[in-house]
Structure formats: C-alpha cells, structure tokens
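K.L.:
here is my input; please provide its structure:
(2 chains)
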Amino acid sequence: MALTLASRRTTRRLAADAGLLVVAAAFVLPLAWVGLSSLDSHADLRVKAPDGLTLDNFDAILTSEITFTPLLNSLVLCGSATLLTVVCAALAAYPLSRFRSRFNRPFLLTILFATSLPITAIMVPVYALFVQVDLIDTTHGTVFFFTASQLPFAIWLMKNFMDGVPKELEEAAWTDGASSLQSLIRVVLPLMGPGVAVVTVFCFVMMWGNFFVPFMLLLTPDQMPASVSINDFFGNRGMVAYGQLAAFSLVYSTPVILLYVLIARRLGGGFALGGAVKG
Amino acid sequence: MTTTAPHTDLGKTSGPTAPRRPPRRPGSLVRALPLTPAVVLLLLFLAGPIAYCVYIAFTDLQLTGQAQDSFVGFENFTRAFGDEAFLNAVWLTLVFTVLSSLVGQNTLGLALAALMRRASKPVRTLTGGIVVTAWVLPEVVAGFLLYAFFRREGTLNAVLDQLHLPAQNWLFTLPILAVSFANVWRGTAFSMLVYSAALNEIPKEITEAAEVDGAGGWRRLWHITLPMIRRSIGTNLMLNTLQTLSVFGLIWVMTRGGPGGRSQTLPLFMYEQAFQNSLIGYGTAVALLLLLVGSLFSLVYLRLLRTEV
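P.N.:
Numbering: from 1, shown residues only, chains lettered A, B, ... in the order given. The predicted structure follows:
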C-alpha cells in the first residue's frame, strides 16, 4: 500500500514536471531569440544557433546616440519620479498609519480605487492638458505625471508596511522630545527599510518599462527614454538590424530584471503586488 | 483596511497631561500636513486630467485648423455608437480581454501554480523563473520578442514547419489572436504568483482527507480547491481585466492595431482618433468610456476586497 502510494506520487511528480516543462519550452522561445540573436552577426527573426558568436551587435549599439543617451534619459526620468513618489508616499502613509481619523477610510478607499484605474485611458486628455499648461515635452512634467500615476499604489503599499512597525518605539522617541517628522525619519523608516526598498524598486521597474506615458508627453528625440527610442530600430533606420535590436533589448532590460531579482523574495510571491490584496 | 488604533489616544484627551503621555498633541490639521504633497500631486496630475477628460469629451476639440473648440454635448458619444470602427474596437477589446485575461492568464496561471506544488524543485524553479522573466521585461521589449515570434519568417512558423503543420502569417491572418497570446505570455506570471500564494494557504489536511475519502483530482479541484481560493480568483480576475483593458504598447509594437484595424482595441482606437485623425474631443470621449468601464471593474474589485476584510 505504502509502496503504491509512493509510486503514485512519483508518477504524479513526473507528470507535473512534464507539464511544466512543456509550458517552459513555449515560454522560453521568444526569450531565447533575444539571447541568441544578440550574439549572432546574421540574426533574423527566427530562433537559431548563431552563425558565429560575435559581440559586434553590442559594439554597434553601445554609442551615446543609440544607447547611452536614452538610458540616461530613462534613469533621470524614472529616478526622479521614483524619488518623488517614495518621499510623497512615505509622508502620506505616516498619518494614515499612525493617527486615527474619520477621513482615513474614505481616503484609503479612494486610493485603492485609483490604483486600478486604467491610466492608459487618460493619456489623450493628459496630452491636451499638458499642451494647455505648457508642460508638454518637458521632463519635469512627465516626472510629475509619472509620480501621480504611481502614487496611489505606492501610498497603499507603504501604509501596509508602516503598519508593521510597532508604535512603542516611536512613542519612546516622542517622550524623548522628537517631533513626528523626526520620528518618521529616524525611527519608522529605518525599521521598515525593506518595505521602502520594495516600494522604490517596484516604482522604478514600472516606470522603466512604461512606454505610453513618455511616448505621449515627450516629443524631442534627445529627451526620449529607452522605452520609446527602441522604436527607432524599426521606423527610421530602414532595414531592421535584428541583432542590434536584440542586443539593445538585453541592455535595456537587464537593470529591471536584476532589481526584480533583488526584491522578489520580499514581495512574498507577488501577493504584496495584488493591490496589496490582503488589505 | 482598518487602521490600528494608536496606543495612547492622542487626539481626544483634554484633561491634564498624564505623566507617560507624549508632551505634544498636535491638532488633526497639523497631523494631516504630511499628506499635502501627495494630495496636491494627485489632484493636479490625476484628478485634474480626469476632470478635464470629462470636459473635453463633450467638445469638438481638434489638434489643428480650429481656433476655438465648442461644446457639442453628446455628439461624440452618439457618433461613437454609430461608428463601425468604434464598434469594431469594442468587439476586439472584448475578444482580447476574454481570450487573454479571463481564459489565458487566469487558467494557465492556476494550472501552473497547481502543477508547481507537485513538481520537483529544479523544474519548478526553472519554469517559474522563465515565466516571471517574461513578466518583468519592459513592455516594448516583450512586444518585439513576440513580434519576432509570430512573424511569417519567425520562430512559431519554424516550429510548425518542423512538426509538418501548416504555417501562416499570424500577424496578418489572425492578429487579434497573436496579440492575445502575447498578452498571455506577458501576464501569466501575475496570476501564477497570486494562485501559488492562495494554494499555499489551503491546509494540507483538507485535501489529504478528501484524497483518503476517494475524491479524484478533478473532484477535489472543483469541490475543495476552487471554493477555497474563490476570493483570490475574484481579485485576480479583476486585476487582470483592468490590466488588459489598458494594454497599449504591446499591441502597438506588434501590429499598430492593424492590418486594417483587425487588432485595434479601444486604447489604440482612441490614440488613432486623437492623433492620426486629430480629433481630440472624439478620442477623449472614447477614453472616457474606457475609463468608465475601468471604474466599474475597480468598484467591483473594491467590493470584493471589502467582503474579504
């Protein structure tokens, strides 16, 4: 009996393994293309072993025009928007987490409602509005919009992390004469360091990959982040150099993948992401 | 949802300060002060545009050739519902959402999560890693990868050729199917993560007891597993749908909504009307409809969460 149970377990495990491997194979094909083509001097659209390994594609794209300027733009844009988001979210989360007020609940519900609004839908009116107030084609305007679009989720996440910091420590700081702001900066935020890191990395990754917002709000090619400039491989350069496109895709994607790996454990299986599903 | 009550109730005491109580009792206005930067940004750059959206959806604002826009009432909306291209976009959005979010991401995500519980560790780690990588990639990069995959001279046809199956020009013959698959490829990881967490919370004893009682795999799934994770299913479906409703970059990169509008979902239709046809007012009316649908889903999502807490 025990033996059959054990052998049934093994059969089941093998079946599960087989099922997962089939899915993995299907999922890996598009990914394999980018890896193989970036090293292939004769890359086309098909997954195939490179004709001969070469770094020429990387050589060709690692110029300031193609790679460094767009990546730097991305960094400036997403970096400042992330910084602004995290600072505003930490400040906003503090009273929501620490003080009781009858406005808390409606505010938090509004925030939660806003986290799931389709931001894509408002890009056309945002464009029209930005033209009116002269914020179109400015990095700071785009930063402000990015921040606002990311804030609801950041506040929500930050508040949940902040709730996990015990109040006693902070009260001790108050009795020692610290102001609320001081206790937030010196006591609460350091204690929720990993939480702040998750919010920071998450915001950054979301904005780094966002295409539509800068595509709409920025016009000058010099200001374009990598998410938009990657289009140039298709439009303006005539023949598409697929190997170079693959190489650029790799260079552009690497930072967010590394950052994700860094926080994956803290996200606890994506649950914190589901609009902080646990409420 | 509930904020935990502070230990010492700072606001309400008015008598002489108790010895161990902090010396300061700031008023509620001062306490709300840290909210200001966030609230200002949200009002100016999120609530503002939404209000402006409501306004220009009722005007005939255009990009060029017009000095003054004027109020046209519901004209943009009546026009939309008589516009075949709009109805086509609504239909395609529906197909795209049902195929890729409700059926694809949701079912595949649940299947992967369930299989992972039985699979061996290396296979689990490998598959999880690959699926999550597809999710973390920037939208445009994902678009290019799948463009390469589905093109006539791309990988999918090469594989079909190997299997002696007929190849096709997928992006031309079945563009909406291709972009739906692309969205499944990109979005399944989220469902997988949510369901993995949900399945982990089911006590082992329950499934084991059912197994001893002789319930087969499908019966256990239907009568035990699914009812126990139904809340996760609800929230996951809601979030997936909202996410899918606003997909723009992926489709834009793969097909630009073409050929002939056959993969033009509402966000792409909105963009085309507003910018290629310079009809900002009309494009915004479409945006407003999209926003309304999104708000409805968002409200349902809130309700789901509320019954949970």
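K.L.:
in the lengthiest helix in chain A, what counts as buried?
P.N.:
In chain A, taking DSSP state H as the definition, the longest helix is helix A:2-38. Counting neighbours by 16 or more other Cβ atoms under 10 Å in any protein chain shown, one finds that the buried residues in helix A:2-38 are A:16-17, A:19-20, A:23-24, A:27-34, A:36-38. For every residue, glycine as well, the C-beta is placed using N, CA and C.
K.L.:
what does stretch A:39-58 give?
P.N.:
A:Leu39, A:Asp40, A:Ala43, A:Asp44, A:Leu45, A:Arg46, A:Val47, A:Lys48, A:Pro50, A:Thr54, A:Asn57, A:Phe58.
K.L.:
again with stretch B:94-101
P.N.:
B:Val95, B:Phe96, B:Thr97, B:Leu99, B:Ser100, B:Ser101.
K.L.:
ok, back up a step: next, see if the longest helix of chain A gets close to chain B.
P.N.:
Yes. If you take Cβ under 8 Å from any Cβ of the partner chain as the test, helix A:2-38 does meet chain B, through A:12-13, A:15-17, A:19-21, A:23-24, A:27-31, A:33-34, A:37.
K.L.:
again, but for stretch A:73-92
P.N.:
Yes. Residues of stretch A:73-92 contacting chain B under Cβ under 8 Å from any Cβ: A:Leu84, A:Val87, A:Cys88, A:Ala89, A:Leu91, A:Ala92.
K.L.:
pull the CA atoms of that stretch into CSV?
P.N.:
Extracted C-alpha coordinates of stretch A:73-92, given in CSV (Å, rounded to 0.1, in the frame of the first residue of the first chain):
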residue,chain,number,x,y,z
ASN,A,73,17.2,59.8,-20.0
SER,A,74,15.4,56.8,-18.6
LEU,A,75,17.5,57.0,-15.5
VAL,A,76,16.8,60.7,-14.9
LEU,A,77,13.1,60.4,-15.7
CYS,A,78,12.4,57.2,-13.7
GLY,A,79,14.9,58.1,-11.0
SER,A,80,13.4,61.4,-10.1
ALA,A,81,9.9,60.2,-10.4
THR,A,82,10.7,57.3,-8.1
LEU,A,83,12.4,59.6,-5.6
LEU,A,84,9.4,61.9,-5.6
THR,A,85,6.9,59.1,-5.4
VAL,A,86,8.7,57.4,-2.4
VAL,A,87,9.1,60.7,-0.5
CYS,A,88,5.4,61.7,-1.0
ALA,A,89,4.2,58.2,-0.3
ALA,A,90,6.2,57.9,2.9
LEU,A,91,4.9,61.3,4.2
ALA,A,92,1.3,60.4,3.2
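K.L.:
for it, what is the distance to the chain centroid?
P.N.:
Counting by Cα atoms, centre = their mean, to the nearest Å, stretch A:73-92 is centred 12 Å from the centre of its parent chain.
K.L.:
neighbouring contacts of that stretch?
P.N.:
Residues from elsewhere that reach stretch A:73-92 (Cβ atoms under 8 Å, 6 or more residues apart in numbering or on different chains): A:139, A:142-144, A:146-147, A:150-151, A:154-155, A:157-158, A:184, A:189, A:196, A:199-200, A:203-204, A:207-208, A:214, A:223-227, A:229, A:252, B:34-35, B:37-39, B:41.
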